[in-house]
Each structure stands twice: as C-alpha cells, then as structure tokens.
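Engineer: how would this look folded up:
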Amino acid sequence: MLHPALRKLLNPMDSGPSTPINVENFCPIAARQAFMKEVAELDARATTPPPDVAHKDVLIAVDDEKIRCRIYRPGSLTDTSDAPALLYLHGGGWIYGSIESHDAICRFLAHYTPCVVFVPEYRLAPEWRFPTPLNDAYAAYKWIIEHADDHGIDGKRVAVAGDSAGGNMAFGVSTLAIRNAFNRPCFQLLAYPVCNLFAITTSREDFRNGYWLDNIDFQIECYVRSDTDRLDPLASIGLARDLSQMPPTRIITAGFDPLRDEGIALGERLAAKGVQTEIVNYPSYIHGFLSLRGILPEIDDVLKESSSSISRGLRIYL
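Structural biologist: Numbers count the residues shown, from 1 in each chain. Below is the predicted model of the structure:
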C-alpha cells in the first residue's frame, strides 16, 4: 500500500500518459533550476536538520576538464586518521541533480557510517552523454585512492554508492575497476538503480505514470548516443556478464517504483553468482524516496540503516 503521506503528494489515478519531451527543444539549465527549487522546498519541510558535517570542495582533473568534488569529513574522523571512504554518485536521470541536491543524504552517510564521503559533480546529459558521466565517476574513484594519503583515508577501504542514475554508475565504477585490475570497491550500495535502458517490466508498466519517474524514457534518450549504447553493460548494468567478482552489494528498491523489478533482478543475479547480496524493498515508497525527508521523517532511519550497511561493508566496528 502506498504510504499515506505519498498519497497526498501523488495523484496517479488522474495521471494520463506523460507528455513526450523533445531533446532538441529541452532546456537543461531551466530544468535543473526547477529541480533544485523543488528539492530545496522539500528539504525545508524536514522536521530535523541533517547532521552538521564539515566539508570542502576541490577540483579533480578529468581528461582536459576539471570537475568539482565535495568532501564530507565527520568530526569523529581526524585529518590524520586512516579513515574509510565512500564515493557517492547523485541521482537525477543523468540530467538533473548536483552536490547540493544530495547534500542531506551525504551528511547522513558521512556522520552515521562514519566515513569520508566524496561527491563528484560529474558532467550531465544531454550536453555530455554516455560514457562521459561514468568516466568522470570512475576518474573520481581513482583519484580518491591515488590521493588517499592526502585526505587521511585508507585506500583499501573505499566503497561506492549512488541513487537512481547514480546507482547505475556506481555499479559501472565497480565494473571498470575490475576490468582495469584497479582496486575494487569493498562494498556497493545501489539505491533504486537504473539497470536496463530498454526494459519492459511489470513495475515499469504499472508505475509508468504518476509516480515521479514519468520521463525515464526521455532521460535515457538524453544519456545515450545511440541504441548501441543501450546494450552496453556499462550503461545497462543488468546485462553485466561476469558478476562473480563484484563486491558485496546492498540494493534498495521501492514498491511503487518503475525500476523496482530490474533492481531486484540484478540482486538475484548477483546472489546466484555467489556475491554477498542484500535486497531491501520498501513496499510503500516511490522512486527517489531518500530525498523525501520533508514528507517522510522516517527516511532518517532508512539513511541510518543504510549507513550501518556501509559500515559493515567497510568493516567498521564501533
């Protein structure tokens, strides 16, 4: 059953088919501003502020570009401690989202894990299409490990996490690390990840309209360069072949999320290959619920529980 607070927010019974958006006529800047305004209004409704965690922004060189990366360090970890770390990749359909839109989530994860959280401002579609956003994420992951001593972290205890499109890319980062024989993440947390860029599943059909992910097809169209990209396992992570080397994984899904079924299917495939896997479904929630603290105060507990799972993956024993 849909959570009562979400029933007030959504009106799926009255939602007709979503209006198609033309990529050529799409204005990314205006759309991102509207997205950030909505996020800020939701955050302002939260009954409690997120944890107070110190942070700073740095620049990371990626090819001939530089991208911003925010580093959250909780007060329980000193600058000289050999701390565990987490690369967090924000969601937003590869089009929207930023360090700021996911600030509260990252503060919770940094404080309650505890670990140093790195959040790169990867380049967004449609200006930058696959594989550029993923390559930015992987470059940030490598940078974290290669500069571990500079940031007082343990390069052997680095996890990856992300929500929605960010969850898709977190899995992609793990895949690239394994392919390149680089340090594999020791754990991955995937919150309602996009797993297939061509999927037709029961949950996609049941919740296509009115559940906050009406334009998933448009988001994918903005991200890929061609239909060939849709079949690339780095984009459609549900097509990944050799899963046996993947790190221990926690996959979070929501009962009223179009992406629910593909996330569960990925988790089942991982488990079948012997990967330590936990699939956690929140049956009364919708896609993107980690950002709904202003509507659902209990999301604080979900974030704390997620922090505990990362702690176990990073082998933090408090």
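
Engineer: do I have it right that residue 231 meets residue 198?
Structural biologist: Yes: if you go by C-beta atoms under 8 Å, residue 231 and residue 198 touch, sitting 7.4 Å apart. All C-beta spots, glycine's among them, are computed from the backbone N, C-alpha and C.

Engineer: how long is stretch 250-262 end to end?
Structural biologist: 14 Å (C-alpha to C-alpha, to the nearest Å).

Engineer: report the distance from it to the chain centre.
Structural biologist: When C-alpha coordinates are averaged (C-alpha atoms, centre = their mean, to the nearest Å), stretch 250-262 and its chain have centres 13 Å apart.

Engineer: sec struct for residue 84, please.
Structural biologist: strand (DSSP: H, G, I helix; E, B strand; the rest coil).

Engineer: meant to ask about residue 144
Structural biologist: helix.

Engineer: the closest residue to it other than its chain neighbours and residue 109, how far apart?
Structural biologist: Leaving aside its chain neighbours, residue 144 sits nearest to residue 118 (5.4 Å; criterion: C-beta to C-beta, 6 or more residues apart in numbering). Distance of residue 118 to residue 109, computed by C-beta to C-beta, to the nearest Å: 11 Å.

Engineer: and for the residue nearest to residue 297 when sequence neighbours are not counted, the neighbour number?
Structural biologist: In space, and not counting its chain neighbours, residue 297 is closest to residue 47: 5.5 Å by C-beta to C-beta, 6+ apart. Around residue 47 there are 8 other residues, counting by other C-beta atoms under 10 Å.

Engineer: would residue 47 count as being in a strand?
Structural biologist: No: according to three-state DSSP, residue 47 belongs to no strand; its state is coil.

Engineer: hang on, isn't it packed against residue 296?
Structural biologist: No: Residue 47 is beyond contact range of residue 296, at 10.5 Å (criterion: C-beta under 8 Å).

Engineer: let me see the contact set for the closest residue to residue 201 other than its chain neighbours.
Structural biologist: In space, and not counting its chain neighbours, residue 201 is closest to residue 261: 3.9 Å by C-beta to C-beta, 6+ apart. Contact analysis of residue 261 by C-beta atoms under 8 Å, 6 or more residues apart in numbering lists 199, 201, 202, 203, 204.

Engineer: so who does the second one touch?
Structural biologist: Residue 201 makes contact with 258, 261, 262, 265 under the criterion C-beta under 8 Å, 6+ apart.

Engineer: A helix includes the last one, no?
Structural biologist: Yes: secondary structure assignment places residue 265 in a helix (three-state DSSP).

Engineer: surely it meets residue 238?
Structural biologist: Yes: the pair residue 265 / residue 238 is scored as a contact, 6.5 Å apart, by C-beta under 8 Å.
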